[in-house]
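In: model the structure of this input:
(one chain, ligands or ions: 2)
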Amino acid sequence: PTIYRQDYAPYPYRLPQVRLEFDLAAESTRVRSELRFELAPGSAPGTPLVLQGEDLELVEVRLDGRPLDAGEYQLADDTLSLIPPGHGKPFTIGIVSLCRPAENTTLMGLYVSGDKLFTQCEAQGFRRITWFPDRPDVMARFEVLLRADPAAYPLLLSNGNLIEQAALPDGRHQALWRDPHPKPSYLFALVAGDFDCIERTETTRSGREVLLQVYSDKGYREQTRWALDCLARALHWDERRFGLELDLDRFMVVAARDFNMGAMENKGLNIFNAAYVLADPDTATDAAYRGIEAVIGHEYFHNWTGNRVTCRDWFQLSLKEGLTVFRDQEFSADMLAEGLPPAEAASARAVKRIDDVHTLRLAQFPEDAGPMAHPIRPDSYQEIGNFYTATIYEKGAEVIRMQHTLLGEAGFRAGMDEYFRRHDGQAVTCDAFVDAMESVYAQQNPGQDFSVFRRWYAQAGTPRVRVSSHYDPAARTCRITLQQQCAPAGLEVLRTPPVEKPPLHIPVAIGLIDADGQPMPIRQENGTRDTLILELRQASQTWTLTDIPRAPILSLLRGFSAPVILETDRTANDLALLARHDPDPFARWDAVQETAHRHLQDCMRAERDGAQPPALDTLLAIWRAALDDQALSPAYRTRLLALPAVREVIDRSEPMDPQAAVSAWTRTRQALGARLAQDWRAMYDSLVDEGGPYSPDPVSSGRRALRNLALDNLLAGKAPGAVDLALAQFRQALNMTESLGALTALLQHAPQDAAGPLADFHARWHDDPLVLDRWFGAQASAPGCTVAGVRALMALPDFSLRNPNRARAVVFRFCLDNPGNLHTPEGYDFWAEQVLALDALNPEIAARLSRAFDNWARHEPTARAGMQAALQRVLAAPSLSRNVREIVSKALG
Ligand code: ARG
Ligand code: ZN
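Out: Ligands and ions are numbered 1, 2, ... in the order given. Predicted coordinates:
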C-alpha cells in the first residue's frame, strides 16, 4: 500500500495531555495510557477516533473511566478505532496493553539491549508501545510513570524533568517524569537499566544552569568524556551561531549497544548508538572522534530544528534532517577551523566540505540515479523507514546550503530567526522553511523570489550543468554559458507521459585563474572579487565578464556550491593547472579527483580494448607536487592524495563493471605507490608521532591520517621494508588510529603478514564490542576475504546478526566495500541469503542491505543477470517485510 503526500488530512482531534504508566519487564511490559482528547477546530463531534498499534496485546479500553466492551471499539490489524461521544467536549481514553521487549528484534518501539530497556520511536515505533495517534502533527504534553525492579533497572529515565522517585511496597521502585514541552510521539523515550554516568553543568547565554549527562554501560565511564565535551561545545555553538538556547534544565545522552541508526533526538533524552558516544585513544580512531562530534551535534541541534519546530507529516522529513545535517556540518567545520588564521581556517573547513561531498557522491548520486530516486520531499512511500536516505539527509543539507549561499551568512541567520518567529511550537511543511528564507531573499533582491528554487524540493535526479566559455582577447571579455538538464531519475523513465523537469535555481560559484596559475579577479559593479556566484535559473544562460586581460581557466563549482554534476570541456592540462593552483581548496581537490577519475576510466577502457594502459604521468606529477607542498595541512593533503573510492569508480563506468573497476583501481594504486615510494617513505618518516598525550585535534589527527596513507601506499607499491614498517607501527601503536591503520594496510596489501596482528588485536580487544567491530570490518572489507571468508567470520562465536553494529561490520562491509568478492555468483547468493536472514529479525536493517543492488540494471550483463536473479529470489520469499518488499520490488520495477 502506497501512501501519498497529497492525501494528508489533519488529525480530527487534539491531544493536549498524555499520561503513561509502565510496568517494565523484559518479557512483558504493561502500559497504561490516559489520553485526553479534544475535538480539533473544524471537525465534527463524533468523528471516529483512530489509534495505531502494532504487535500489542490489548487488555482494556476505557472511555472517561468506563470500561468498553468489545462491541464498542474496533480492533483491526494495526488500528484501534471507536466513536467518541457526540457532545463534542473533551474526553479521556484509557488503554491498558502489553508488549514484549525481549522478543522485539526490530529495535523499534520498546526493546532489550544487553540487560537494559530502550525505546526507538521515530518514525513509527511508538505504536509498538501502545495504541496512539502515532503521527508527528499530534503534539502532547507527556507525563510518564515508570515502575520496575530496582535490582534489574536501578535507573529509570524518560523525557523532561524528574518529578519524584519512590520505593514501592511490592519491592519495586518508580520514577515520575514530566516533559513541559508538547511533542509528537516519535520524540518519546524511556530507558531503564544500570548505567555509569558523567555529568557537568553549563551556563546558557541567558544565565541558566543546565545539567548535561552521558550514560553508558558500567565500566565505560571514561569513554564518555569526549561525548560530554562535544555536547557542551554544541550547546554553546548553537547559541553563538544561531542564537538558539537549550530550553531544558537537563539534557541526557544514553549509549545503546543495539541501535538501528546513529542516534535519536528524543526530547531531553537522546539515545545513541554506542559507536557515536564511546571513545578513548586506545579504542577509538580519530575519525570516530569526529564522528561522535558530528552526531552529538546533530542530535543536539534537532532540539530546535526538529523538536521545537517539527514535521507536519513524514514527507517533510528533510525539513528537520536536511537542515540539521547542514547545521552539524557547519558545527564540525567550525570546530576544525577554530583558532586558526583565516587562510588555514578556510583549508580546515574545506576538509570537512570535501568529506561531505565525497559522502554525497558515494551514496546520494547513485541513489538519485536508481530505482529509489526521490525528491528531498517525496510524493509517496510504502514504508517510511526506507526514506531515511542519503537524499533526505545529504541532498537535503545541500539544498539548505544553497539557500545559505544565496542569502549569505547574515541573511541565512535572519531567515532562521524568521522561521522560528513564525513556527516555534508547530508541526510544519518544508514550504514553511523556504517561505521564511524567501522573505529575506526578496528583501535582498527586489523583484526576485524562490519560485524556481522550490523545485529542488519536488524534483528527483542529479542535474547536469554544462559549462562552456569563450574568451575574446580583443574585447577582453569572457563569455560563460551554463546549461542545465536533468534526465528522468530511476523509475521515472518508465512514466508516460514523460516527467517534466523544469529548470532549477542553481548557484554556481566560479573563479578564474590564468595560465601561470595566478588568480584573476572578476570585476563587478561593486568592486572586484575572486569568486562569483552565477545564479542559473533557466535551461541556458550566458554571462559576460569584462576586463579580463588574458585567457582564463575556469574554476567551477567552488565549495561545491550546488549538488550537480558538471560537464565541461576542460582539458587534462586545465585540470592539472587547477589541481596545483586553484586557490579554492575544494575546487582544487575536485580537479585532482577528476584527473584520477579520468585516468581510472581510461585504464578500464584500455583493458577492455586490449590496449596499452594509459600513462600515469599527469596524475603522478600532481600527486608528487601535493606530497611536496609543505604549505598544505596534512589533513588537506590526505584528501588530495586519496584515490576515488572504488565504488565511485564502479559507478562512473558505463555499463558498470565492478571487476574491471576493481582491477583498474588496484593496479593504479599499486603503480602510484611504487612510483612514489621514496616520497611516501620520506613522508612517513617525517610524520612520526611527536610524543605527548593523545589529542584528536585536526593537526595531530591530520598527521596520523597522512602517515597511515603513506603506509598504505608503501604497502600497495610493495616498497622494500613496507611490511616491517606496518608490523612495527602495529606493535608500537600509541592509539587506535595507528594500530588500525597498520592492520588495515596489512589486510589490504599483505594479508599473509596480517595473521599475527589479527590474533593480537583479537586477544586484546575481544571484550570491547566496538573495537571488535573494527576487527571484523577490516577483514570483511579486505580483497582477500571471499564469500567463504566472510562466512567463516560469521561462524565465530563473537558474531551475531542481531546486533546491527556487528551485522554492519561484517555483512554490510562485505557487500558494500568488497566489490571484487561480492560480484561473484557466490557473492550474489550470499547477499540474498543475508537480506532474508536479517529480514526475519530486523526489517529496517534488512532493507538497508537490500539497497546494495539498487543499480543492478546499469551493470554489464554477467553482474546484471546475477544481481537480478538474487533480487528475484528475495522477492519470491514468503512473508517479506514491507520494508524489503518496497526496495526489491522497486529495484525490479
Ligand atoms: N532522527 C534520527 C536522526 O537523527 C534518525 C532516526 C531514524 N529512525 C529510524 N528508525 N530510521 O537522524
Ligand atoms: Zn537527524
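In: in a strand, Leu554, correct?
Out: Yes - looking at Leu554 with DSSP: H, G, I helix; E, B strand; the rest coil, it is inside a strand.
In: residue of the stretch 351-500 of the chain with the smallest distance to ligand 1?
Out: Taking CB to the nearest ligand atom, ligand 1 has its nearest neighbour within the stretch 351-500 of the chain at Tyr388, 4.2 Å off. For every residue, glycine as well, the C-beta is placed using N, CA and C.
In: what number of residues lie near that residue?
Out: 17 (other CB atoms under 10 Å).
In: could you measure from the closest residue to Asp584 other than its chain neighbours over to Leu545?
Out: Distances taken as CB to CB, 6 or more residues apart in numbering put Arg558 closest to Asp584, at 4.2 Å, once the chain neighbours are dropped. For Arg558, the distance to Leu545 equals 15 Å [CB to CB, to the nearest Å].
In: in the helix or strand where Arg353 lies, what's buried?
Out: Secondary structure from DSSP states H and E places Arg353 in helix 342-359. Across helix 342-359, burial judged by 16 or more other CB atoms under 10 Å covers 344-358.
In: just the residues contacting it, thanks.
Out: Helix 342-359 has contacts (CB atoms under 8 Å, 6 or more residues apart in numbering) with 329, 332-334, 336-337, 340, 390, 394, 397, 559-560, 584-586, 589-590, 632-633, 635-636, 639, 645, 698, 702.
In: who in the stretch 1-150 of the chain is up against ligand 1?
Out: 120, 122 (CB under 6 Å from any ligand atom).
In: residues contacting the residue of the stretch 1-150 of the chain found nearest ligand 1?
Out: In the stretch 1-150 of the chain, no residue comes nearer to ligand 1 than Glu122, which is 4.4 Å away by CB to the nearest ligand atom. The contact partners of Glu122, by CB under 8 Å, 6+ apart, come to 186-187, 264.
In: filter the residues you listed to the buried ones?
Out: Buried residues within the contacts of Glu122, defined by neighbour count using 16+ other CB under 10 Å: 186-187, 264.
In: output those as a markdown table; include the columns distance to ligand 1, pLDDT and secondary structure.
Out: Converted to a markdown table, those look like this (distance: CB to the nearest ligand atom, whole Å; pLDDT from 0 to 100; DSSP: H, G, I helix; E, B strand; the rest coil):
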| residue | distance to ligand 1 | pLDDT | secondary structure |
| --- | --- | --- | --- |
| Tyr186 | 8 | 99 | helix |
| Leu187 | 9 | 99 | helix |
| Met264 | 5 | 99 | strand |
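In: which one of the residues you listed is nearest Leu532?
Out: Nearest to Leu532 among the buried ones among the contacts of Glu122, counting by CB to CB, is Met264 at 41.7 Å.
In: report the contact partners of that closest one.
Out: 120-122, 189, 270-272, 299.
In: adding pLDDT, write the residues you listed out as TSV.
Out: Compiled in TSV, the contacts of Met264 are given as follows (pLDDT from 0 to 100):
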residue	pLDDT
Gln120	99
Cys121	99
Glu122	99
Ala189	99
Asn270	99
Ile271	99
Phe272	99
Glu299	99
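In: just the helices from the stretch 201-350 of the chain, written as ranges.
Out: Along the stretch 201-350 of the chain, counting by DSSP state H, counting those that start in this stretch, helices occupy 225-242, 286-302, 317-337, 342-359.
In: out of those, the one nearest Leu162 is which?
Out: Proximity to Leu162 (CB to CB) singles out helix 225-242 among these, at 18.9 Å.
In: sorry, back to before: which of the helices of the stretch 201-350 of the chain sits closest to Ala487?
Out: Nearest of those (CB to CB): helix 342-359, 21.1 Å.
In: off-centre distance for the following helix or strand past that closest one?
Out: Proceeding N to C from helix 342-359, the next assigned helix or strand is helix 365-368, under DSSP H and E. Taking CA atoms, centre = their mean, to the nearest Å, the mean C-alpha location of helix 365-368 is offset from the chain mean by 14 Å.
In: same check on stretch 466-473?
Out: For stretch 466-473, the distance to the chain centre is 38 Å (CA atoms, centre = their mean).
In: mind listing what's buried in it?
Out: For stretch 466-473, by 16+ other CB under 10 Å, it's 467, 469, 471.
In: separation between the residue in the stretch 51-200 of the chain positioned nearest to ligand 2 and Val254?
Out: Nearest residue of the stretch 51-200 of the chain to ligand 2: Glu122, at 8.7 Å (CB to the ion). Distance, Glu122 to Val254, using CB to CB: 15 Å.
In: before we move on, back to that, pipe the helices of the stretch 201-350 of the chain into JSON lines and attach distance to ligand 1 per row.
Out: Formatted as JSON lines, the helices of the stretch 201-350 of the chain follow (distance: least, CB to the nearest ligand atom, whole Å):
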{"stretch": "helix 225-242", "distance to ligand 1": "13"}
{"stretch": "helix 286-302", "distance to ligand 1": "6"}
{"stretch": "helix 317-337", "distance to ligand 1": "6"}
{"stretch": "helix 342-359", "distance to ligand 1": "14"}
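In: between these, which gets nearest to Ile480?
Out: helix 342-359 (22.4 Å).
In: any idea how far the closest one is from the chain center?
Out: Distance, stretch centre to chain centre, for helix 342-359: 17 Å (CA atoms, centre = their mean).
In: between helix 286-302 and it, find me the angle.
Out: Calculated by axes from the mean of the first three to the mean of the last three CA atoms, to 10 degrees, helix 342-359 forms an angle of 90 degrees with helix 286-302.
In: residues in contact with the closest residue to Ser113 other than its chain neighbours?
Out: Excluding its sequence neighbours, the residue lying closest to Ser113 (CB to CB, 6+ apart) is Asp258, at 3.8 Å. By CB under 8 Å, 6+ apart, the residues touching Asp258 are 107, 111, 113-114, 118, 802-805.
In: could you report the distance from Asp258 to Cys478?
Out: Distance, Asp258 to Cys478, by CB to CB: 58 Å.
In: re earlier: got a quick PyMOL command for the buried subset of the contacts of Asp258?
Out: If you want just the buried ones from the contacts of Asp258 in PyMOL, going by 16+ other CB under 10 Å, the selection is:
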select buried, resi 107+111+113+118+803+804+805
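In: pLDDT value on Gly125, please?
Out: Looking at Gly125, its pLDDT reads 98.
In: for the closest residue to it other than its chain neighbours, give me its contacts.
Out: With sequence-adjacent residues excluded and distances taken as CB to CB, 6+ apart, Gly125 is closest to Met108, at 3.9 Å. Residues counted as contacts of Met108 (CB under 8 Å, 6+ apart) are 120-121, 124-125, 128, 260, 385, 844.
In: and the helix of greatest length in the chain, how far out from the chain middle?
Out: The residue-count maximum for a helix in the chain (DSSP state H) belongs to helix 396-423. Relative to its chain's centre, helix 396-423 lies at 21 Å (CA atoms, centre = their mean).
In: which parts of that helix are buried?
Out: Neighbour-count burial for helix 396-423 flags 396-407, 411-416, 418-420, 423 (criterion: 16+ other CB under 10 Å).
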